[in-house]
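# Just the structure for this:
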Amino acid sequence: MGFKIGFIKSKFYIALGLLFVIIFLGTAGFVLVADYAWVDALYMTVITVSTVGFKEVQPLDSGAKVFTIFLIITSITLFGYIVSVITDYISNNKLIEELKFKQVHRKIQKLEGHTIVCGFGRNGRQAMARLKSYKKDCVIVESDPDLILEIEADGNLLYIKGDATDDEALGAAGITKASSLITTLPSDADNLYVVLSSRQLNKNCTIVSRASNDSSYKKLKVAGADNVIMPDKLGGAHMASLVITPDIIEFIDRLSIEGESSSNIEELIIEDLPEEYTNKSIFDLELRKRTGCTVIGFKSPNREYIINPDASTKLVPKSKLIVIGRPEEIQKLNKLF
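This is a model prediction of the structure:
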């Protein structure tokens, strides 16, 4: 969207610039050649350029007539172009579109710690729905006109119309201030390019990429993706698990109900806890007693996961706790910490 608007705006500004140049040169010319006062010269220029046919302010000598002929010939073509550009700009709602774009752009510029979703296909739409249910600030990058119409119809989604593989589009989406990026483009090559560009522009951004082929997995990880998801592979494995261990899989599925208020699993970032708990043990938190939640996982600073960690595990900086509980217990946990 930004690139299309920029092209239209440049034509509009060029047209306005040419109009100003014609009027200025015409006015200055009549002052110098015909010895008109500035107001009379401006009036004469306007009626000459617009070809309305009004009588001149005062009789013109030969030199002034030659200048007038030159001004008429020059302005006919330029004035026609100027009028067509300005008319097209207004009649096709490009002015409204530009104002809308600027309003969206201002909102995006104010964001910090948001998530960028590249692509609004099936996977991108599902990712957006989950992020919005958790009230996360998001920006979509999409180039497909039909999907743009769908995004605009929602009325509450921030988006950039552009190619996600273009650094300018990522910049417009606020990649330097984003905390995470999800790329769900259909092409693995495009996703690879997005991952490479995003990692260069933001070293600390968490990047999750979609992949279709097994061969793309390692390339995306090397390029800088923190996680690579293969929807088709996950879908097939999930269906097989529903046959082999249906009750276990159904139980796990029930733990990931959408919506912040109905979440059964939550993560606790140690830095978000009161300072008094830093370097204390899981036992010292007394989560079970205070909230009813149970700690089921621990992520260490070096990204190692411990399932069902021991109560003596130290809560060191840059580590995380994974807890499970009923919706009301999770709410109590969020209020407490």
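# Ramachandran angles for the nearest residue to Tyr159 once chain neighbours are set aside?
Nearest non-adjacent residue to Tyr159, counting by C-beta to C-beta, 6 or more residues apart in numbering: Ile140, 4.1 Å away. The C-beta positions use only the backbone N, C-alpha and C, and glycine is treated the same way. The phi and psi torsions at Ile140 (degrees, to the nearest 10) take the values phi -100, psi 140.
# Return the distance of stretch 213-231 from the chain's centre.
Using C-alpha atoms, centre = their mean, to the nearest Å, the mean C-alpha position of stretch 213-231 is found 23 Å from that of the whole chain.
# in it, what's buried?
Across stretch 213-231, burial judged by 16 or more other C-beta atoms under 10 Å covers 216-217, 219-220, 223-226, 228-230.
# Now do stretch 157-177: everything it contacts.
Contacts to stretch 157-177, defined as C-beta atoms under 8 Å, 6 or more residues apart in numbering, come from residues 1-4, 104-105, 107-109, 111-114, 116, 118-120, 128, 137-143, 148, 151-152, 181, 183, 185, 190, 193-194, 197-198, 201-202, 205.
# and if you look at stretch 19-36?
Contact with stretch 19-36 is made by 37-38, 40-42, 44-46, 48-49, 57-58, 60-61, 63-64, 67, 71, 74-75, 78-79, 82, as judged by C-beta under 8 Å, 6+ apart.
# which ones are touching Ile322?
Ile322 makes contact with 265-268, 295-299, according to C-beta under 8 Å, 6+ apart.
# Can you flag the buried ones in those?
Buried among these by 16+ other C-beta under 10 Å: 265-266, 268, 295-299.
# what's the closest of the residues you listed to Ser209?
Taking C-beta to C-beta as the measure, Ser209 sits nearest to Lys299 out of these, at 20.5 Å.
# The closest one and Ser212, how far apart?
Taking C-beta to C-beta, to the nearest Å as the measure, Lys299 falls 28 Å from Ser212.
# remind me which residues of this protein are low pLDDT?
The chain contains residues with pLDDT under 70 at 1-12, 51-57, 79, 86, 88-99, 255-263.
# Show me it divided up by domain.
Under the assignment automatic domain parsing, the domains of the chain span 2-94, 111-234, 261-336.
# Is it possible to get a markdown table of those domains that adds distance to Pro246?
Listed next are these as a markdown table, based on distance: least, C-beta to C-beta, whole Å:
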| stretch | distance to Pro246 |
| --- | --- |
| domain 2-94 | 49 |
| domain 111-234 | 17 |
| domain 261-336 | 19 |
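# Please identify the most buried of those domains.
When those are scored by mean count of other C-beta atoms under 10 Å, the highest mean neighbour count falls to domain 111-234 (a mean of 18).
# hmm, back to that, now do the contacts for the residue nearest to Tyr159.
Residues in contact with Ile140, defined by C-beta under 8 Å, 6+ apart, are 116-118, 120, 124, 128, 151, 157-160.
# Among those, find me the one that's closest to Pro274.
Checking these one by one against Pro274 (C-beta to C-beta), the nearest turns out to be Ile116, at 31.9 Å.
# how near is the closest one to Asp190?
Remark: distance between Ile116 and Asp190 (C-beta to C-beta) = 14 Å.
# Same question for Asn302.
Distance, Asn302 to Asp190, by C-beta to C-beta: 32 Å.
# Asp154 too?
Applying C-beta to C-beta to Asp154 and Asp190 gives a distance of 24 Å.
# Equivalent analysis for Lys107, please.
Distance from Lys107 to Asp190, counting by C-beta to C-beta: 26 Å.
# same question, Thr313
Taking C-beta to C-beta as the measure, Thr313 falls 41 Å from Asp190.
# related to what we said a few turns ago, mind checking which of the contacts of Ile322 are in helices?
Per DSSP state H, helices hold no members of these.
# Who does the helix or strand that Ser209 is a member of pair with, and is each partner parallel or antiparallel?
For Ser209, the host element (DSSP states H and E) is strand 206-210. Under the criterion DSSP bridges, strand 206-210 sits next to strand 180-183 (parallel), strand 227-229 (parallel) in its sheet.
# Dump it to CSV, restricted to CA.
Coordinates of each C-alpha in strand 206-210 appear next as CSV, following Å, rounded to 0.1, in the frame of the first residue of the first chain:
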residue,chain,number,x,y,z
THR,A,206,11.6,-14.0,17.9
ILE,A,207,11.0,-15.4,14.4
VAL,A,208,8.6,-18.2,13.6
SER,A,209,8.4,-19.4,10.0
ARG,A,210,6.2,-21.7,8.1
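# Make residue 1 into 54 and carry on from there
Will do, 54 is the new start, and the previous item becomes strand 259-263.
# Quick one: residues in contact with that strand.
If you take C-beta under 8 Å, 6+ apart as the criterion, strand 259-263 is touched by 172, 176, 232-238, 244-245, 247-248, 251-252, 273, 277-284.
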